[in-house]
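**Q** predicted model follows, preceded by the sequence.
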Amino acid sequence: MISVIIPALNEEEPIANVIRAVAATKIPHEVIVVDNGSTDRTAERARAAGAGVVAEPHRGYGRACAAGIRSLSPECDIVVFLDGDGSDCPEFMNQLVDPIVARKYDFVIGSRTRGQRERGSMNAQQIFAGRFAGWLLSILYGIRYSDMCPFRAIRRDRLEQLGMREKTYGWNLEMQMRAARVGLRILEVPVNHRRRTGGVSKVSGTLRGTFVAGARILATFFRVMLERD
């Protein structure tokens with residue numbers, strides 16, 4: 001059983017198409033959209049498209065992901081995360097989950113920088129941050145990532161083992177660091193990436209958003225790095 005968690009904040013335009021694209025994969029799954037305090041019709045449109053909707057009014061990407069995890073069905077074996085803005089490509093979901101189903105890997109993360117990117121889908125800061133973080137993690141843990149892509153899949157039991165704590169933008173990096181540190185079998189695969197199909201980016205859409213996200217990611221890096229086992 002595969003569960004797909006989609007954190008969403010004011011994504012009323014793209015969310016239904018994202019859910020339909022997940023359904024088109026024909027992979028047995030449940031879809032959980034976490035409405036992270038939207039002021040538009042994100043939740044309404046997600047329900048109409050067939051997703052279960054969970055409310056997490058306290059904003060923060062990590063909080064939304066954690067709320068989705070708490071709502072997983074008992075039958076769930078693999079958890080997939082992807083964004084609700086239409087930029088991730090659910091048609092690549094098989095490339096993420098198949099290596100886990102085959103029991104070859106525990107954690108499979110997409111790499112937008114290794115796949116085909118629509119012009120304007122990522123800015124230079126995002127590309128640099130993903131590669132720089134990957135370089136640092138290769139020094140710390142011997143695992144080389146090329147991206148902090150939100151599109152990823154992980155065995156549920158391994159996810160619960162990680163002890164995730166980050167509440168905001170550092171969630172993705174924290175997962176990658178903890179997965180490397182505890183020795184999960186990790187695979188990075190190229191995935192395509194599009195421009196968002198609606199709404200405004202909370203990270204790269206404004207100068208403030210870029211600064212805040214960068215600060216949170218940097219703080220997460222040092223916090224996890226300095227933690228004692």
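**A** The structure has been received and is ready for your questions.

**Q** what about Asn10, distance to Cys65?
**A** 17 Å (C-beta to C-beta, to the nearest Å). C-beta coordinates here come from the backbone N, C-alpha and C atoms, glycine included.

**Q** the more surrounded of those two?
**A** Per other C-beta atoms under 10 Å, whichever of Asn10 and Cys65 has more neighbours is Cys65, with 26 against 20.

**Q** which element is the closest residue to Ala64 other than its chain neighbours on?
**A** Sequence neighbours aside, Pro7 is the residue nearest to Ala64 in space, at 3.6 Å (criterion: C-beta to C-beta, 6 or more residues apart in numbering). Using DSSP states H and E, the element containing Pro7 is strand 2-8.

**Q** so how far is that strand from its chain's centroid?
**A** 9 Å (C-alpha atoms, centre = their mean, to the nearest Å).

**Q** and Gly68, that one's in a strand?
**A** No: counting by DSSP: H, G, I helix; E, B strand; the rest coil, Gly68 is not found in a strand; it is helix.

**Q** list the buried residues in the helix ranked longest in the chain.
**A** As assigned by DSSP state H, the longest helix anywhere in the chain is helix 207-226. By 16 or more other C-beta atoms under 10 Å, the buried positions in helix 207-226 come out as Thr210, Ala213, Arg216, Ile217, Thr220, Phe221, Val224.

**Q** so which one among those has the lowest pLDDT?
**A** Lowest in pLDDT among these is Thr210, which has 66.

**Q** check contacts around Ser73.
**A** Going by C-beta atoms under 8 Å, 6 or more residues apart in numbering, Ser73 touches Met1, Ser3, Glu30.

**Q** got it, and Val33?
**A** Ile6, Ala8, Ile15, Ile19, Thr42, Ala43, Ala46, Ala51, Gly52, Val53, Val54, Gly84.
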